[in-house]
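Participant: structure for the following, please:
(4 chains)
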Protein chains: 2
Amino acid sequence: MPDHTRPPDKRATIYDVAAEADVSPSTVSRAFSRPSRVNSETAERIRRVAERLGYRTNPLARALTTSRTHMIALVIADITNPVYAEIVRGAQATAMNDEYTTLLIDAQESDRLERTAIERTMPTVDGIVLASSRISDSAIRMFAKQRPVVVLNRAIADVPCVVTDNPRGVRRAAEHLGELGHDHITYVAGPQASWPNGIRWRSLLEAGMELEIKVRQIGPFSPTIEGGERAAEELRSRPATAVLAFNDQMAIGLIRGLTRMGVDVPGDVSIVGFDNILAADIVTPGLTTVAAPLYAEGSAATRHLLSMIEGAPGHTGRPMVLPVRLVVRHSTAVRNLRPGRARPPGVRQRPTTTPAVHLS
Amino acid sequence: MPDHTRPPDKRATIYDVAAEADVSPSTVSRAFSRPSRVNSETAERIRRVAERLGYRTNPLARALTTSRTHMIALVIADITNPVYAEIVRGAQATAMNDEYTTLLIDAQESDRLERTAIERTMPTVDGIVLASSRISDSAIRMFAKQRPVVVLNRAIADVPCVVTDNPRGVRRAAEHLGELGHDHITYVAGPQASWPNGIRWRSLLEAGMELEIKVRQIGPFSPTIEGGERAAEELRSRPATAVLAFNDQMAIGLIRGLTRMGVDVPGDVSIVGFDNILAADIVTPGLTTVAAPLYAEGSAATRHLLSMIEGAPGHTGRPMVLPVRLVVRHSTAVRNLRPGRARPPGVRQRPTTTPAVHLS
DNA sequence: CTGAAAGCGCTAACAT
DNA sequence: ATGTTAGCGCTTTCAG
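Facilitator: This is a model prediction of the structure:
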């Protein structure tokens, strides 16, 4: 039963080591400086002594003089959303590789919360990765003036950005639906504050133009399963045969909502999502979706941030764009021309055991 | 295009404010001390001046003298596992409420990784919550000597613990299966380093005793969907009619694996999971599972940690135990007495639209 | 390569 | 209630 009433036990300081090794404190300091440029015999001896004393350099004290904490913050929009897990993994791995600690912050889809969290964290970190930030461009630029910032899933002038190829993803989805005979696609919108939401809709408009597919939008809805279920309700009064959802969670909500209402997916309506989260492969029918290289996103953004922290200029030209691919599962099928009736023979049915096909 | 080559811009210090407000630095310090015990006129004026100068107290410098960073670490076993999302939410909320910042660490189910991450983080935080830790009891006790530590989902003598009522959860699951006519339950084990895994198995042994249900164990498997699929393979050579899986992910993997092999769930085999993650409600058939109050776990552990940091003794007697409940969905059904044949009439079929029932 | 001295920004005794 | 004086543990000039 440890007693934590008073400050936790005193650790050995640089002075203790200095005394023990019979050198000056600054020599000890140098033996632990990073990058360790000292390899003299003395340094070796000092390190041994330190080891024996259980000395660890105090990061706080170091930070006070160097103004480098070797910590970075990673702000994500919603820890509940599985997309971020892989992004976090990617970010953590590259950070850890450079001996940086990652401070994860969950903004809970809240503008206000995100802001105050960033403000509070800013002074303790060397830089920040903003993944799917919900705060304004100007606020982000403000932050970027104080510390290196890299933005993920969003494009902002003058701030380094990493995005996925949304236009191409949407285009592939539209082509896929077009090939199945759909001449009308409904976009089910996510949060308005979400940058990908905007570009996906605009990309769909464009793709619709070129492919001669009519498009429309409903929403916005919350980017969750529940949001998708609500969208399904709305779809009741404004039927569709092909739907592109802002993300997988909404797509899954749609599948559930529609199925519950007696609408057959993909028989009556085809659904495409975004992200390729794990659940996309679990839901019935399996969700056709636009997959992004999540892990790579996290690591690319972090790598960039670290290089900026080390003094690199920060690549603020065009955003860095990562490729996407369409994963075809079973939530999309040939358009059913006679709704409510048996499907015409020869038309593709929902397969049950065919493995997912990965395109592009 | 900000230039981050040199340390980020200098912020106003306590001295700047002191000079501007024409008081001594310590007076300024007092005006910002926590809890703000000063309400004099001067303090008010100082705060205004500070506001105007954009002064923010430097947490690092403060930490150096107070040895309190107002940060706590939350270590989770695997960020990929949705269980932790709610726990994190609960922890963050109560931490934020006391103006503490939460440092989230993903151990990626790795003993080694978890250790080094904790070691590196320890000096920068005021305390640590270990959620589903995979490191040894002795290692945890070591850490607990250096900083306040609260352990979640695990019971260790001399360290404050928060656990869920695993025995009761298992018992409820066993009773449920028993009522459905099952006289034999197979436990599909998760990681051996996982404390809940051990206690769940032991609880099942006990429950089996009392309820006169035979039990056996297979595994261990990785606590993931993939692990569950592998378990399904193994089940092929050692058939079962009722399975209790270590967690929902494995249970889902089992459902998928078995279904793919042509085994009907719940017709041929009933499956119960643990955790009640979102996907449990998405998979077909919906997963019957033992639900834990995730959010409450996170907040209870954190609240306890914070009180320890503030000087409370740390409740190291019996662990604090949180209640669980059985959520019955459609992955469990009356035992099929004639496998491979049609079910006897009158026996419960898998319903498709009945809402989930929450018991206990 | 090493030592001496000064100070990062703040807080914590002491005084007044 | 405010000011004065020392540091917290480390890095960093600047000399030797």
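Participant: from here on, contacts and neighbour counts on C-alpha atoms
Facilitator: Will do.
Participant: what does chain A put close to DNA strand C?
Facilitator: A:22-27, A:38-43, A:61, A:64-65 (C-alpha under 7 Å from any atom of the strand).
Participant: so which of those reach DNA strand D?
Facilitator: A:P25, A:S26, A:A61, A:L64, A:T65.
Participant: what subset of those is buried?
Facilitator: A:P25, A:A61, A:L64 (16 or more other C-alpha atoms under 10 Å in any protein chain shown).
Participant: distance from the helix or strand where the second one lies to the middle of the chain?
Facilitator: Think A:A61. Assigned by DSSP states H and E, A:A61 belongs to helix A:59-66. In terms of C-alpha atoms, centre = their mean, to the nearest Å, the centre of helix A:59-66 is set 31 Å apart from its chain centre.
Participant: between the residues of chain A next to DNA strand C, which is closest to B:I199?
Facilitator: Among these, A:A61 lies closest to B:I199 (C-alpha to C-alpha), at 43.2 Å.
Participant: now that closest one: how far from A:G181?
Facilitator: Separation of A:A61 from A:G181 (C-alpha to C-alpha, to the nearest Å) stands at 66 Å.
Participant: ditto for A:S138
Facilitator: 43 Å.
Participant: which one of the two is surrounded by more residues?
Facilitator: More crowded of A:S138 and A:G181, by other C-alpha atoms under 10 Å in any protein chain shown: A:G181, with 17 against 10.
Participant: which pLDDT value belongs to A:T353?
Facilitator: The model reports A:T353 with a pLDDT of 36.
Participant: buried stuff in stretch A:325-340?
Facilitator: A:R325, A:L326, A:V327, A:V328, A:R329, A:H330, A:S331, A:T332, A:A333, A:V334, A:R335, A:N336.
Participant: next one: stretch A:54-70
Facilitator: Judged by neighbour count (16+ other C-alpha under 10 Å), stretch A:54-70 contains these buried residues: A:Y55, A:T57, A:P59, A:L60, A:A61, A:R62, A:A63, A:L64, A:S67, A:R68, A:T69, A:H70.
Participant: against chain B, how distant is the closest residue to DNA strand D within the stretch 51-200 of chain A?
Facilitator: Going by C-alpha to the nearest atom of the strand, DNA strand D is nearest to A:T57 of the stretch 51-200 of chain A, at 3.5 Å. The gap separating A:T57 from chain B is 9 Å, by C-alpha to the nearest C-alpha, to the nearest Å.
Participant: wasn't that residue part of a helix?
Facilitator: No. With DSSP: H, G, I helix; E, B strand; the rest coil as the criterion, A:T57 is assigned coil and is not in a helix.
Participant: hang on, isn't it packed against A:T13?
Facilitator: Yes. The pair A:T57 and A:T13 passes the contact test of C-alpha atoms under 8 Å, sitting 7.4 Å apart.
Participant: can you list contacts of stretch A:121-136?
Facilitator: A:68-77, A:109-112, A:114-115, A:147-154, A:193-195, A:301-302, A:305-306, A:309, B:58-60, B:101 (C-alpha atoms under 8 Å, 6 or more residues apart in numbering or on different chains).
Participant: repeat that for stretch A:70-77.
Facilitator: Residues from elsewhere that reach stretch A:70-77 (C-alpha under 8 Å, 6+ apart): A:84, A:88, A:91, A:99-110, A:114, A:118, A:121, A:124-134.
Participant: ok now that stretch, how far from the chain's centre?
Facilitator: The gap between where stretch A:70-77 is centred and where its chain is centred comes out at 12 Å by C-alpha atoms, centre = their mean.
Participant: so where does A:E86 fall, helix or strand?
Facilitator: With DSSP H and E as the criterion, the answer for A:E86 is helix A:83-97.
Participant: avg pLDDT for that helix?
Facilitator: pLDDT averaged over helix A:83-97 gives 95.
Participant: which neighbouring elements make contact with that helix?
Facilitator: strand A:71-76, strand A:101-106, helix A:294-309 (3 or more C-alpha pairs under 8 Å, 6 or more residues apart in numbering or on different chains; DSSP states H and E).
Participant: count of residues packed around the residue nearest to A:P323 when sequence neighbours are not counted?
Facilitator: Spatially, and ignoring its direct neighbours in sequence, A:P323 is nearest to A:D165 (5.4 Å; C-alpha to C-alpha, 6 or more residues apart in numbering or on different chains). For A:D165, the neighbour count with other C-alpha under 10 Å is 18.
Participant: same deal with A:F143?
Facilitator: Neighbour count of A:F143, defined by other C-alpha under 10 Å: 18.
Participant: swap in the one 4 residues further on?
Facilitator: Around A:R147 there are 22 other residues, counting by other C-alpha under 10 Å.
Participant: now it, nearest residue through space, not along the chain?
Facilitator: A:G127 is the one closest to A:R147 (C-alpha to C-alpha, 6+ apart), at 5.5 Å.
Participant: got phi/psi on the one you found?
Facilitator: Here is the backbone geometry of A:G127 (degrees, to the nearest 10): phi -180, psi 170.
Participant: tell me what it is bridged to.
Facilitator: A:I72 (DSSP bridges).
Participant: farthest pair in the buried residues of stretch A:54-70?
Facilitator: The most widely separated members of those, counting by C-alpha to C-alpha, are A:Y55 and A:S67 (21.6 Å).
Participant: low-confidence stretches in the stretch 201-350 of chain A?
Facilitator: For the stretch 201-350 of chain A, applying pLDDT under 70 flags the ranges A:337-350.
Participant: and the residue of it closest to DNA strand C?
Facilitator: A:I309 (18.3 Å).
Participant: before we move on, back to that, of the contacts of stretch A:121-136, buried ones?
Facilitator: A:68-77, A:109, A:114-115, A:147-154, A:193-195, A:301-302, A:305-306, A:309, B:59-60, B:101.
Participant: which SS state does A:L244 fall under?
Facilitator: A:L244 is classified as strand under three-state DSSP.
Participant: return the distance of it relative to chain B.
Facilitator: 20 Å.
Participant: A:V272 now?
Facilitator: Counting by C-alpha to the nearest C-alpha - A:V272 and chain B are separated by 17 Å.
Participant: that residue in helix, strand or coil?
Facilitator: Put simply, A:V272 is strand when judged by three-state DSSP.
Participant: isn't it right up against A:M250?
Facilitator: No. Under the criterion of C-alpha under 8 Å, A:V272 is not in contact with A:M250, lying 10.0 Å apart.
Participant: burial count for the residue nearest to A:F274 when sequence neighbours are not counted?
Facilitator: Distances taken as C-alpha to C-alpha, 6+ apart place A:N247 nearest to A:F274, at 4.3 Å, with adjacent residues excluded. By other C-alpha under 10 Å, the residues close to A:N247 number 26.
Participant: report the contact partners of A:N247.
Facilitator: A:G190, A:P223, A:G273, A:F274, A:D275 are the contacts of A:N247 under C-alpha under 8 Å, 6+ apart.
Participant: neighbours of the third one, how many?
Facilitator: Residues lying near A:G273 (other C-alpha under 10 Å) number 29.
Participant: what does the fourth one give?
Facilitator: Taking other C-alpha under 10 Å as the criterion, the count of residues near A:F274 is 28.
Participant: who does it form a beta bridge with?
Facilitator: Taking DSSP bridges as the rule, A:F274 bridges to A:V290.
Participant: so what's it up against?
Facilitator: With C-alpha under 8 Å, 6+ apart, A:F274 has these contacts: A:A245, A:F246, A:N247, A:D248, A:T289, A:V290, A:A291.
Participant: out of the residues you listed, who's the most crowded?
Facilitator: Neighbour max across the contacts of A:F274 (other C-alpha under 10 Å) = A:D248, 32 neighbours.
Participant: quick check: phi and psi at it.
Facilitator: According to degrees, to the nearest 10, A:D248 has phi -60, psi -40.
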